[in-house]
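Visitor: one predicted model, sequence on top.
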Amino acid sequence: MSINQNILVKLKNAGFRINNKSLVKGVSLQVEKGKIVTLIGPNGSGKSTTAKIALGIYKKIDGEVEKYTNKIGYVPQKISIDWTLPLRVNDFMVLTENLNKETIDEALSLTGVIHLKDKNLGDLSGGEFQRVLLARAISKKPELLVLDEPVQGVDFTGEIALYELIKKISDELNCGILLISHDLHTVMSATDHVVCLNGHVCCSGSPLDVAKNNEYKALFGEQASQILSRYEHRHDHIHTDEGEIKKN
Amino acid sequence: MFDDFFIRALVAGIGVAFVTGPLGCFVIWRRLSYFGDTLAHSALLGVTLAFTMEFNIALSVFLISSLIALSLIQLQKRTNLPGDALLGLLAHSSLAVGLVVIGFLTFIRFDIMGLLFGDILAVTVDDLLIIWIGGALILLILKLIWKPLFASTVNYELAEAEGLNPDRAKAIFTILMAAIIAISIKMVGLLLITGMLIIPAAMARNISTSPQKMVIYSIIGGLLSVILGLFSSLEFNTSSGPSIISAALLLFILSLFRIKQSIKLKN
């Protein structure tokens, strides 16, 4: 068995429980360099939990996580920041890594919030803050990006632009992306691999494969299936019956 | 030069203010005021043990406070009691045990007021060495753990996800808290140490726009409080601790006017 050099993080039959109540179980997936893996599923299906397992935020987990990189950018779904801290956007950008001015400005320009650089973080709107979160995550040029609903609260045109940006970053930095999203339209066109969760992995594969899957249809309805299948997908791999991915 | 008790007190106080400034900011940011109080209350037990065993006071206080901090972490894991109840439990029981032990120490002359509220007459050249060397060490370690500690103060999960090891930083910070209480107890007294940590930092919060500025203003506030407080303590023959804290309060009240001004400017 050869070790794939491109793997950034790999979950093997991973799960997480609180007080013996399972939040998610039996998740196996891997994120590779330059690939976008998207987690979809209804509310409470364990998407954010799976992301936190992959990130190592949850430590007492079932199964295994193998992480092959420490250069990680994370956009959490919920972030509560205590406003007893006087914190400007600029201070927030260098929170986990020291960056020079050019790098900070570049990232803030990419997400369209360079004009907010000296503003207090607490004074931003939800959408503006989301853009700052994304800028912070990409500014450190990570190998692995974990984006938990990265465009929530962003206006419609901004949403499309940010998804395009995410795709561009994945290509330019050749970083792997673990994406959580509700928006089937925009995401699917860029996604390489979809994992559909509902407390466990319902189905996974290319967007097209998942769209055809009966469990997916049962979970999201016929309409969602049509959305997904509209996107043609270049197949550079096939899926074996065990859910493994094989390169063509 | 260090022959004069007042000069010694001043040098000691200045040393303490340099350390309480940045630590105090973290106490406010991380909401640790009552944690600081608990450690300070337990310091009495440390002092009495130092007297019984003829041990160095600062070291003994440091050890007892660290022990209390560790017990708190264990209790949090093993009981379902809320954090503030556990803090109260540890603070008052260690204070009580400390006072009971003092009751047994009839053979030692003991200035309990000095212990509770600080005594500038008591500062020796040895204390100066402990404050300045210990203080420099605390600041150095704080600088080393600044990134993970600050990042996890802003958001624990971000810090953890991006590989900064916030748990280790938190544990080290707890030890630093015990250390600052140990070295500043003679100056400010154990009932008022938390005041020295939080009041200058609270004053700084009112007038600063970034974390770095808040740390700097907090140090300046602490220094001014010590100088003002000690001079008035000499002038009016009051205890050093209450005088320093009163001076800090005065600065805090002044900083409130600054907020009013900036709110006016915004409108």
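Guide: Yep, that arrived.
Visitor: any idea which helix or strand carries B:Ser246?
Guide: Element membership for B:Ser246 (DSSP states H and E) is helix B:240-266.
Visitor: how about the residues of chain A by chain B?
Guide: Contact residues, chain A versus chain B (CB under 8 Å from any CB of the partner chain): A:52, A:55-57, A:70, A:72-74, A:76, A:79-82, A:84-88, A:91-92, A:95-97, A:120, A:140, A:146. C-beta: built from backbone N, CA, C; applies to glycine.
Visitor: and those residues, which of them are buried?
Guide: Taking 16 or more other CB atoms under 10 Å in any protein chain shown as the criterion, what is buried in the residues of chain A next to chain B is A:52, A:55-57, A:72-74, A:76, A:85-88, A:91-92, A:95-97, A:120, A:140, A:146.
Visitor: low-confidence regions, the chain specifically.
Guide: Since you didn't name a chain, this refers to chain A. Within chain A, the stretches with pLDDT under 70 are A:1-3, A:186-188, A:225-248.
Visitor: wait, I meant chain B there
Guide: Across chain B, the ranges flagged by pLDDT under 70 are B:1-3, B:259-267.
Visitor: one step back: is chain A within reach of the helix holding B:Ser246?
Guide: No. Using CB under 8 Å from any CB, we find that helix B:240-266 stays clear of chain A, coming within 10.3 Å at best.
Visitor: list the buried residues of that helix.
Guide: B:240-248, B:250-252, B:255.
Visitor: show me what stretch B:29-36 is in contact with.
Guide: For stretch B:29-36, contacts defined as CB atoms under 8 Å, 6 or more residues apart in numbering or on different chains pick out A:82, A:84-85, B:26-27, B:69, B:72, B:84, B:87-88, B:91, B:153, B:177, B:181, B:193-194, B:197-198.
Visitor: no wait, stretch B:109-126
Guide: Looking at what lies outside stretch B:109-126 - CB under 8 Å, 6+ apart - the contacts are B:2, B:5-6, B:8-9, B:12, B:44, B:47, B:51, B:102, B:185-192, B:230, B:233-234, B:239-242, B:244.
Visitor: for the longest helix seen in chain A, list every residue counted as buried.
Guide: Determined from DSSP state H, the single longest helix within chain A is helix A:156-173. Counting neighbours by 16+ other CB under 10 Å, one finds that the buried residues in helix A:156-173 are A:Gly158, A:Glu159, A:Ala161, A:Leu162, A:Tyr163, A:Leu165, A:Ile166, A:Lys167, A:Ile169, A:Ser170, A:Leu173.
Visitor: is the fourth one in contact with A:Ala135, as I believe?
Guide: No. Here A:Leu162 does not reach A:Ala135: they are 10.3 Å apart, not a contact under CB atoms under 8 Å.
Visitor: which neighbours do those two share?
Guide: By CB under 8 Å, 6+ apart, the residues touching both A:Leu162 and A:Ala135 are A:Thr111.
Visitor: number of residues surrounding B:Leu121?
Guide: Other residues near B:Leu121 come to 12 when the count uses other CB atoms under 10 Å in any protein chain shown.
Visitor: any idea how far the helix holding B:Ser246 is from the chain center?
Guide: Here the centre of helix B:240-266 is set off from its chain's centre by 19 Å, with CA atoms, centre = their mean, to the nearest Å.
Visitor: so what does it touch, helix or strand wise?
Guide: helix B:5-29, helix B:112-117, helix B:166-188, helix B:193-207, helix B:211-236 (3 or more CB pairs under 8 Å, 6 or more residues apart in numbering or on different chains; DSSP states H and E).
Visitor: do you know which of those helices lies nearest A:Ser45?
Guide: Closest approach to A:Ser45 among the helices and strands packed on helix B:240-266 (CB to CB): helix B:166-188, 27.9 Å.
Visitor: what angle do helix B:193-207 and that closest one make with each other?
Guide: Angle, helix B:166-188 to helix B:193-207, by axes from the mean of the first three to the mean of the last three CA atoms, to 10 degrees: 110 degrees.
Visitor: now do the buried residues in helix B:166-188.
Guide: B:166, B:169-170, B:173-174, B:176-188.
Visitor: would you agree B:Trp132 falls within a helix?
Guide: Yes. Counting by DSSP: H, G, I helix; E, B strand; the rest coil, B:Trp132 is located in a helix.
Visitor: that one touches B:Val16, doesn't it?
Guide: No. Using CB under 8 Å, B:Trp132 is not in contact with B:Val16, being 9.7 Å away.
Visitor: what about the residue of the stretch 1-150 of chain B found nearest chain A, how many residues nearby?
Guide: Taking CB to the nearest CB, chain A has its nearest neighbour within the stretch 1-150 of chain B at B:Trp29, 5.4 Å off. B:Trp29 sits with 21 neighbouring residues when counted by other CB under 10 Å.
Visitor: skipping adjacent residues, who's closest to it in space?
Guide: B:Thr153 (5.0 Å; CB to CB, 6 or more residues apart in numbering or on different chains).
Visitor: the one you found is in what secondary structure piece?
Guide: Assigned by DSSP H and E, B:Thr153 belongs to helix B:125-154.
Visitor: the helix or strand just after that helix - contacts with which helices or strands?
Guide: Sequence-wise, the next helix or strand downstream of helix B:125-154 (DSSP H and E) is helix B:156-161. Secondary-structure packing of helix B:156-161 (3+ CB pairs under 8 Å, 6+ apart): helix A:47-55, strand A:72-75, helix B:125-154, helix B:166-188.
Visitor: from B:Ala201, how far off is the residue of the stretch 1-150 of chain B closest to chain A?
Guide: 9 Å (CB to CB, to the nearest Å).
Visitor: equivalent analysis for B:Phe62, please.
Guide: For B:Phe62 relative to B:Ala201 (CB to CB), the value is 22 Å.
Visitor: looking at these two, which is more packed in?
Guide: The neighbour count for B:Phe62 versus B:Ala201, taken as other CB under 10 Å, is higher for B:Ala201 (29 against 24).
Visitor: that one touches B:Ala17, doesn't it?
Guide: No. Taking contacts as CB under 8 Å, B:Ala201 lies outside contact range of B:Ala17: 11.4 Å.
Visitor: list the contacts of B:Ala49.
Guide: One correction, residue B:49 is Leu, not Ala. B:Phe55, B:Ser60, B:Ile64, B:Val101.
Visitor: which parts of the helix holding B:Thr153 are buried?
Guide: B:127-128, B:130-132, B:134-135, B:138-139, B:142, B:145, B:147-154.
Visitor: run the chain-centre distance for that helix.
Guide: The answer for helix B:125-154 is 12 Å, by CA atoms, centre = their mean.
Visitor: what is the burial count for residue 115?
Guide: Since no chain was named, I'll use chain A. Per other CB under 10 Å, the neighbour tally for A:His115 reads 11.
Visitor: if you could check chain B rather than the one you did, that'd help
Guide: If you count neighbours by other CB under 10 Å, B:Leu115 ends up with 22.
Visitor: now do it against A:Lys12, distance only.
Guide: Relative to A:Lys12, and taking CB to CB, B:Leu115 is found at 58 Å.
Visitor: surely B:Ser246 meets B:Ser233?
Guide: No. Here B:Ser246 lies out of contact with B:Ser233, judged by CB under 8 Å, at a distance of 9.7 Å.
Visitor: assumed A:Leu8 was part of a strand.
Guide: Yes. Counting by three-state DSSP, A:Leu8 is found in a strand.
Visitor: ok, it touching A:Glu143?
Guide: Yes. Counting by CB under 8 Å, A:Leu8 touches A:Glu143, with 5.9 Å between them.
Visitor: of these two, who's got more company?
Guide: Shown here are A:Leu8 and A:Glu143; by other CB under 10 Å, A:Leu8 has more neighbours (25 against 19).
Visitor: tell me how far the more buried one lies from chain B.
Guide: Using CB to the nearest CB, to the nearest Å, A:Leu8 is found at 13 Å from chain B.
Visitor: just how off-centre is the host helix or strand of B:Ala85 within its chain?
Guide: In the assignment (DSSP H and E), B:Ala85 maps to helix B:83-104. Here helix B:83-104 is found 18 Å from its chain centre; the criterion is CA atoms, centre = their mean.
Visitor: buried ones in that helix?
Guide: In helix B:83-104, counting by 16+ other CB under 10 Å, buried: B:Leu86, B:Leu87, B:Gly88, B:Leu89, B:Leu90, B:Ala91, B:Ser94, B:Leu95, B:Gly98, B:Val101, B:Ile102.
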